[in-house]
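Peer 1: Structural data only, the sequence is not supplied:
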């Protein structure tokens with residue numbers, strides 16, 4: 001058996017009972033978190049645009065578009081909800097970029113249409129996530145190497161596998177689903193800092209559903225999309241950097257979902273999070289404010305995407321600017337949704353503070369020697385002469401599995417996000433409905449009764 005067939009067989013045969021309880025717990029937390037982020041993203045400009053676009057398609061009412069409540073085809077609902085789920089860059093990350101927003105909106109649409117259970121959704125989610133994590137792990141894929149966004153590239157195959165699982169496709173149909181999805185994989189880092197970056201996530205969900213539905217309908221595709229010399233791994237990821245047979249044979253041995261996902265505390269690129277954790281730790285431990293700071297220096301990886309915009313001209317680019325994030329954190333003492341607005345981008349105090357911030361980009365040779373996963377230094381020099389330093393390893397970011405928030409904090413984030421579109425009773429109902437997804441007996445109806453805007 002080739003790698004593609006081996007992957008398909010694992011997807012078909014893996015059941016909820018095979019998945020470690022910790023993986024189910026982490027999946028539940030991430031999917032619950034994402035639902036809140038989708039609702040918050042629905043009131044962002046890109047959220048309004050994608051909802052209007054989907055509404056204008058006039059398609060069959062199969063699944064709900066959050067939070068407006070309109071309905072469209074499964075693929076269009078996933079397109080809209082996935083785009084809104086990434087609008088704020090507030091969804092989880094880890095492994096192949098942003099796993100949950102690449103997978104769960106598609107499953108939510110299918111689940112609503114078919115009346116799936118919460119267990120069905122989480123089973124399919126973990127199966128798809130594991131396929132993506134195995135591809136990323138085995139290929140040692142670095143999205144910056146070729147300018148691809150791994151959420152949209154590896155995420156296409158992960159989402160397609162999850163959709164095939166939830167639709168209960170057989171082994172050959174699953175092979176075909178992967179084959180179709182392999183030809184859809186794309187997403188360019190050049191579009192980070194624009195509305196097209198969240199669109200990557202929406203397109204991934206749309207294409208995962210489309211690939212699975214077409215395979216179910218009998219469309220054909222190559223049977224070796226992963227391992228073929230002209231297939232996904234060699235063409236998209238690059239030749240000679242993987243052992244696909246080993247990866248396929250070892251799917252689920254071990255499961256990786258329970259270790260990989262990081263719930264975001266800050267609504268910005270994950271590349272800023274370790275830096276912000278370090279900065280806030282220094283501010284708490286040493287009791288200083290922006291007025292006490294002479295200058296700040298932050299190290300950055302050679303591969304960093306938060307160096308795309310030294311002087312961001314709008315709020316979306318601000319999410320990918322280390323200098324802006326440091327300056328805003330120093331001025332406001334926090335980084336939240338309102339940090340990334342036109343008003344804050346234009347704020348004179350933040351602009352003046354950005355002049356105090358210097359970013360030091362590691363040379364490629366230094367990156368290879370030191371491994372940025374171990375942390376990038378933040379150094380603050382105070383006006384009284386004190387020099388303060390802190391480093392946070394990626395694995396220790398607040399919200400990671402090694403340094404978890406705890407479910408109460410995740411619930412508080414969810415409540416803040418959904419309160420943007422739901423009244424108090426609606427917030428309570430949404431928490432009660434979705435905080436324990438494995439207990440949901442039928443998705444149909446629950447989406448419209450708990451995740452559609454009702455705030456007057």
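Peer 2: On my side now, so go ahead. Here the structure is a predicted model, which means the values were calculated and not measured.
Peer 1: Flag the shaky bits of this structure, pLDDT-wise.
Peer 2: Applying pLDDT under 70 to the chain flags the ranges 143, 364-373, 456.
Peer 1: Show me where it has its strands.
Peer 2: 63-64, 71-72, 293-300, 357-361, 376-382, 387-392 (DSSP state E).
Peer 1: Give the pairing partners of the first one; include direction for each.
Peer 2: Right, the one you point to is strand 63-64. Looking at strand 63-64 with DSSP bridges, its paired strands and their directions are strand 71-72 (antiparallel).
Peer 1: Run the chain-centre distance for the partner strand.
Peer 2: When C-alpha coordinates are averaged (C-alpha atoms, centre = their mean, to the nearest Å), strand 71-72 and its chain have centres 24 Å apart.
Peer 1: repeat for stretch 317-333
Peer 2: Per C-alpha atoms, centre = their mean, the displacement of stretch 317-333 from the mean C-alpha position of its chain is 20 Å.
Peer 1: rewinding a little: comparing the strands of the chain, which comes out most buried?
Peer 2: Each of those was given a mean neighbour count from mean count of other C-beta atoms under 10 Å, and the largest, a mean of 26, is that of strand 63-64. C-beta coordinates here come from the backbone N, C-alpha and C atoms, glycine included.
Peer 1: How about the residue sitting nearest the centre point of the chain, nearest residue that isn't a chain neighbour?
Peer 2: For the chain, the residue lying nearest the average C-alpha position, counting by C-alpha atoms, centre = their mean, turns out to be residue 98 (2.4 Å). Closest residue to residue 98 in three dimensions, ignoring its sequence neighbours and counting by C-beta to C-beta, 6 or more residues apart in numbering: residue 151, at 4.5 Å.
Peer 1: what do you get for residue 308?
Peer 2: Sequence neighbours aside, residue 320 is the residue nearest to residue 308 in space, at 4.5 Å (criterion: C-beta to C-beta, 6+ apart).
Peer 1: Pull up the gap between residue 55 and residue 46, please.
Peer 2: Computed as C-beta to C-beta, to the nearest Å, the residue 55 to residue 46 distance reads 15 Å.
Peer 1: Sorry, wrong one. I was asking about residue 400.
Peer 2: Relative to residue 46, residue 400 is positioned 27 Å away (criterion: C-beta to C-beta).
Peer 1: now residue 104
Peer 2: Between residue 104 and residue 46 the distance is 18 Å, computed by C-beta to C-beta.
Peer 1: out of the two, which sits in the busier spot?
Peer 2: For residue 104 against residue 46, the residue with the higher neighbour count under other C-beta atoms under 10 Å is residue 104, and the figures read 35 against 22.
Peer 1: ok now do the more buried one, which residues does it touch?
Peer 2: Taking C-beta atoms under 8 Å, 6 or more residues apart in numbering as the definition of contact, the neighbours of residue 104 are 30-31, 34, 85, 121, 125.
Peer 1: got a winner among those for most neighbours?
Peer 2: Highest neighbour count within the contacts of residue 104: residue 85, with 34 neighbours (other C-beta under 10 Å).
Peer 1: Okay, it and residue 237: tell me how far apart.
Peer 2: Counting by C-beta to C-beta, the gap from residue 85 to residue 237 is 25 Å.
Peer 1: before we move on, what about residue 231?
Peer 2: Residue 231 is 10 Å from residue 237, by C-beta to C-beta.
Peer 1: The stretch 301-450 of the chain: helices as residue ranges?
Peer 2: 315-318, 322-332, 342-345, 348-354, 364-370, 407-418, 424-434, 446-450 (DSSP state H, counting those that start in this stretch).
Peer 1: tell me the most buried of the ones you listed?
Peer 2: helix 322-332 (a mean of 25).
Peer 1: relative to strand 376-382, how tilted is that helix?
Peer 2: Per axes from the mean of the first three to the mean of the last three C-alpha atoms, to 10 degrees, the angle that helix 322-332 makes with strand 376-382 is 50 degrees.
Peer 1: buried ones in stretch 215-228?
Peer 2: Under the neighbour-count criterion of 16 or more other C-beta atoms under 10 Å, stretch 215-228 has 215-216, 221-228 buried.
Peer 1: Need the contact partners of it.
Peer 2: For stretch 215-228, the surrounding residues in contact (C-beta under 8 Å, 6+ apart) are 2-5, 7, 135, 157, 164, 167, 169, 173-183, 231-234, 244-245, 248.
Peer 1: Return a PyMOL selection command for the buried portion of these.
Peer 2: A single PyMOL command is used to select the members of the contacts of stretch 215-228 judged buried by 16+ other C-beta under 10 Å:
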select buried, resi 2+3+4+5+7+135+157+164+167+169+173+174+175+176+177+178+179+180+181+182+183+231+232+233+234+244+248
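Peer 1: The contacts of stretch 215-228 in helices, which ones?
Peer 2: Where the contacts of stretch 215-228 overlap with helices, as defined by DSSP state H, the overlap consists of 3-5, 7, 135, 157, 164, 173-182, 232, 244-245, 248.
Peer 1: Can you tell me how far residue 446 is from residue 66?
Peer 2: The spacing between residue 446 and residue 66, counted by C-beta to C-beta, is 12 Å.
Peer 1: from the middle of its chain, how far away would stretch 402-413 be?
Peer 2: Centroid separation for stretch 402-413 versus its chain: 17 Å, with C-alpha atoms, centre = their mean.
Peer 1: Give me the contact list for it.
Peer 2: Residues outside stretch 402-413 that contact it (C-beta under 8 Å, 6+ apart): 29, 32-33, 36, 263, 265, 395-399, 431, 435.
Peer 1: among those, which ones are buried?
Peer 2: Buried members of those, counted by 16+ other C-beta under 10 Å: 29, 32-33, 36, 263, 265, 395, 397-399, 431, 435.
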